[in-house]
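Undergrad: Requesting a structural model of the entry that follows:
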Amino acid sequence: MKFRTLALLAAALTAGSCTKRPVQPQFTVVSADSLVSGNGFSCDFEYRFASIANAEDSPALAAIERANIGRFFELENFEGTPREAASAAIRQVTSDMTPPENAAESSARPAWKGEISAESEGSVVDTLLCYVITRSSYTGGAHGIYGTECYNYSLAGGYEITTADLFTEAQLERLNRLIREDICEQYGVRSNEELETKGFFPEYIGVTENFLVTPEGITFYYNPYDIGCYALGSVEVSVSREQLAGL
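TA: The predicted model follows:
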């Protein structure tokens, strides 16, 4: 089987680089808080970024840190420190959200206040660096939005691990069924029709790339609108090592 245990996965990921152990990350939290106001717009920003303090100790850690900075602060092709990224992110959001001062309708636009917060956490599982970003924001509309993003990297190579790296196509099909069965059990339903009454979109239920490897197995995260309506909220499905070994 392609995926029997996370220990076998770790061995596969370190193949070819077993002459020395990958550099272990040392995490530190970089905080950035700011209140930006202007032209009828104000927004509170709160960032808590789990930075790899020793990223320059290995090319793999440096690559992971760059990827995490871009993803956390939602910046494309950014080169710089986390604090520089926070400033750039705040400028970008402020530019997007603030109406032009010369816009005819801006004087009639009601003043409003937004909130954007994000925090992250990193951990090591076997030879993987597992990274979680949680967000919540309100930038207008009927309600805010929140979500969880997960990324798993090879400590040896610095590249992201996907489900295609972990499972065969046949195993993915069995995992799709396992996830659906777990959700049905969680919500006490038996059919697609009953899933729909709970707010699910049954046709979208299945393996997601938004997953986190843990010491116990793998957890798949579904944010609002991923597989159901906003009122359904977030959904998590955890698959144990024993279940993975049986795929």
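
Undergrad: wouldn't Asp57 be in contact with Pro22 here?
TA: No: using CB atoms under 8 Å, Asp57 is not in contact with Pro22, being 10.2 Å away. All C-beta spots, glycine's among them, are computed from the backbone N, C-alpha and C.

Undergrad: which one of these two has more residues nearby?
TA: Taking other CB atoms under 10 Å, Asp57 and Pro22 do not tie; Pro22 has more neighbours (20 against 14).

Undergrad: per-residue confidence at the more buried one?
TA: If you check Pro22, the pLDDT there is 94.

Undergrad: surely it meets Ser58?
TA: Yes: if you go by CB under 8 Å, Pro22 and Ser58 touch, sitting 7.0 Å apart.

Undergrad: Pull the residues that contact whichever strand or helix holds Cys150.
TA: Per DSSP states H and E: Cys150 is located in strand 145-154. Contacts with strand 145-154, where a contact means CB atoms under 8 Å, 6 or more residues apart in numbering, come from 13, 60, 64, 67-68, 71, 127-138, 159-161, 210-213, 219, 221, 223-224, 234.

Undergrad: how about the top strand by length along the chain: buried residues?
TA: Longest strand in the chain, counting residues (DSSP state E): strand 112-125. Buried residues in strand 112-125, counted by 16 or more other CB atoms under 10 Å: Gly114, Ile116, Ser117, Ala118, Glu119, Ser120, Gly122, Ser123, Val125.

Undergrad: what does that strand rub up against?
TA: The list of residues contacting strand 112-125 from outside it, by CB under 8 Å, 6+ apart, reads 6, 24-25, 27, 40-50, 52, 68, 72, 93, 97, 129-140, 144, 155, 213-215.

Undergrad: pLDDT wise, what is the most centrally placed residue in the chain at?
TA: The residue lying closest to the centre of the chain (CA atoms, centre = their mean) is Glu149, at 1.1 Å. For Glu149, the pLDDT comes out at 98.

Undergrad: quick one: what helix or strand has the residue nearest to Thr162 when sequence neighbours are not counted in it?
TA: Take Thr162 and drop its neighbours on the chain: the residue closest to it by CB to CB, 6 or more residues apart in numbering is Glu209, 6.0 Å away. When elements are defined using DSSP H and E, Glu209 is found to belong to no helix and no strand.

Undergrad: for Glu209, phi and psi?
TA: For Glu209, the backbone dihedrals (degrees, to the nearest 10) come out as phi -80, psi -10.

Undergrad: Report how many residues lie close to it.
TA: By other CB under 10 Å, neighbour count at Glu209 equals 13.

Undergrad: shouldn't it be in contact with Asp165?
TA: No: counting by CB under 8 Å, Glu209 sits too far from Asp165 to count as a contact (10.8 Å).

Undergrad: Low-confidence stretches in the protein?
TA: Along the chain, segments meeting pLDDT under 70 span 1-19, 98-111.

Undergrad: helices or strands next to the lengthiest helix in it in the packing?
TA: In the chain, assigned by DSSP state H, the helix with the most residues is helix 169-187. For helix 169-187, the packing partners by 3 or more CB pairs under 8 Å, 6 or more residues apart in numbering; DSSP states H and E come out as helix 192-197, strand 235-240.

Undergrad: Which of the ones you listed has the highest mean neighbour count?
TA: Neighbour counts (mean count of other CB atoms under 10 Å) averaged over each of those peak at strand 235-240, with a mean of 17.
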